[in-house]
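Participant: okay, sequence plus prediction incoming.
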Amino acid sequence: MKYKYDDKIENLMVEVFANFCHNQWANWMEWMLPRVLDNPKHINSDYPETWTERWRRQMRTPYSELSEDEKESDRKEARKILSILKETMEAKA
């Protein structure tokens, strides 16, 4: 049996997973950035200040408040998850 989703359900699932992806990334960045950027063993100049400013802003911004371009980055990851779920469900059907 092949699972089918209408566009409305699929779009909702993408948004749910995108929110999850953003939160996972933000939690990782919250842990990782101080260990890299604030560590004297690392050369901070390897990361342009504009990147780190953007990363800090994005990790503190809820998914719902990101720009559409930023949301699309999370949606891309969400679609990968959804694809894996679909393949798994179809294989088990």
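Facilitator: That came through fine. Residues are numbered from 1 along each chain as shown.
Participant: can you pull the buried residues of the worst-scoring helix or strand of the chain on mean pLDDT?
Facilitator: Least confident helix or strand of the chain, by mean pLDDT, DSSP states H and E, is helix 49-60 with a mean of 89. Of all the residues in helix 49-60, those buried under the rule 16 or more other CB atoms under 10 Å are W55, Q58, M59. Glycine gets a C-beta too; all of them are placed from N, C-alpha and C.
Participant: which residues touch the second one?
Facilitator: Going back to what we said before, that points to Q58. Residues near Q58 by CB atoms under 8 Å, 6 or more residues apart in numbering: A26, M29, L66, E70.
Participant: take those residues and write them to JSON lines, including distance to R79, secondary structure and neighbour count.
Facilitator: Listed next are these as JSON lines, based on distance: CB to CB, whole Å; DSSP: H, G, I helix; E, B strand; the rest coil; neighbours: other CB atoms under 10 Å:
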{"residue": "A26", "distance to R79": "19", "secondary structure": "helix", "neighbour count": "17"}
{"residue": "M29", "distance to R79": "21", "secondary structure": "helix", "neighbour count": "16"}
{"residue": "L66", "distance to R79": "16", "secondary structure": "coil", "neighbour count": "18"}
{"residue": "E70", "distance to R79": "16", "secondary structure": "helix", "neighbour count": "16"}
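Participant: with pLDDT as extra columns, can I get the residues you listed in TSV?
Facilitator: Below are the contacts of Q58 laid out as TSV (pLDDT from 0 to 100):
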residue	pLDDT
A26	97
M29	93
L66	98
E70	96
